[in-house]
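>>> the sequence and its predicted three-dimensional model are supplied below.
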Amino acid sequence: MPLIGLIITIALAIVHGFISTFKVDAYIPQYRWLSFAGGVSISYVFLDIFPELSHAQAEITHSSFPLSNYLENHVYLLALLGLTLFYGLDRLALTSRRWKVANDERDRAGARVFAIHIAAYALINAIFGYLLQELSDHNLWQCILLFFAAALHFFIMDYALRDHHPILYDRWGRWILTGAILVGAIAGSSLYLNKLFVSMVWAFLAGSILLNILKKELPEAERTCFWSFMGGASLYAALILLI
């Protein structure tokens, strides 16, 4: 694994373990920093994720994958599957919270839902950690921008999971996700997976990222700051285009 990949892995693990507990709301209004993060994330989707999906589609199209002669846009189907699965998990958490409130309990998801939620996100983190070995193809500035976008995404993902599981997430969840990304990175440095398989896994991961961006990182219209959103989107886009 390249040194820059190792550094980013450790830095993202620190985001999960420690920085995500930082109370940003005490210094910056929530609607402003969420809007800024949403802008960065949308630029990340259009300028990083979509091109990567296109590249993954080319990998699958030119492979000997058994279904490649019968299905078109395979990679986008996998992305849709990832998006749908994580949407279902989010709905499961919301349903659990509503059930508890209806039964005069605290507004939080149940322990079983927490276990399912964290297991799914731990898998995503492990995949992301594994894919960081691909950073050998990126220059230093590209790696820094990737870390910036990923750190914001992880920070808001932690924020959303803590909202569903206010006690269990801080006690167990953040450490499980921290460990997962480290395990994925270790696997990436010692295991070699087929390029086609990696492309398919990346597509599934991209679907989950897209859902989190659309649902968590684009706040509702009445709780947004257009200029913060525009600033985040413009800043990230400009930096991507400049390098």
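Alright, I've got the coordinates.
>>> got the buried residues for whichever helix in the chain runs longest?
The longest helix of the chain (DSSP state H) is helix 74-102. Across helix 74-102, burial judged by 16 or more other Cβ atoms under 10 Å covers 74-76, 78-79, 82-83, 86-87, 89-90, 92-93, 96-97, 100. No exception for glycine: its C-beta is placed from N, CA and C like everyone else's.
>>> identify all contacting residues around the helix or strand harbouring residue 56.
Element membership for residue 56 (DSSP states H and E) is helix 50-61. For helix 50-61, the external contacting residues (Cβ atoms under 8 Å, 6 or more residues apart in numbering) are 68, 73-76, 79, 195-196, 199-200, 202-203, 206.
>>> closest to residue 139 among these?
Within those, the smallest distance to residue 139 is 20.1 Å, found for residue 202 (Cβ to Cβ).
>>> my read: the closest one touches residue 130, true?
No. The criterion here is Cβ atoms under 8 Å, and residue 202 misses it with residue 130 at 9.8 Å.
>>> where do the helices sit along the protein?
Going by DSSP H, the chain shows helices at 3-17, 30-44, 50-61, 74-102, 111-131, 140-164, 168, 174-190, 195-216, 226-242.
>>> of all these, which lies closest to residue 24?
Residue 24 sits nearest to helix 30-44 of all the helices of the chain, at 5.5 Å, using Cβ to Cβ.
>>> packing partners for the closest one?
helix 140-164, helix 195-216, helix 226-242 (3 or more Cβ pairs under 8 Å, 6 or more residues apart in numbering; DSSP states H and E).
>>> how far off centre is that helix?
How far helix 30-44 lies from its chain's middle: 14 Å, per Cα atoms, centre = their mean, to the nearest Å.
>>> tell me the angle of it relative to helix 195-216?
Inter-element angle recorded for helix 30-44 and helix 195-216: 150 degrees (by axes from the mean of the first three to the mean of the last three Cα atoms, to 10 degrees).
>>> what is the orientation angle of helix 30-44 with helix 140-164?
Using the same axes, to 10 degrees: helix 30-44 against helix 140-164 is 130 degrees.
>>> could you pull up the mean pLDDT of stretch 30-38?
Stretch 30-38 comes out with an average pLDDT of 80.
>>> go on, stretch 151-168?
In the prediction, stretch 151-168 has an average pLDDT of 85.
>>> show me which residues of stretch 128-135 are buried.
Applying a neighbour-count criterion of 16+ other Cβ under 10 Å, one finds 128-133, 135 buried in stretch 128-135.
>>> right, I'll leave it there.
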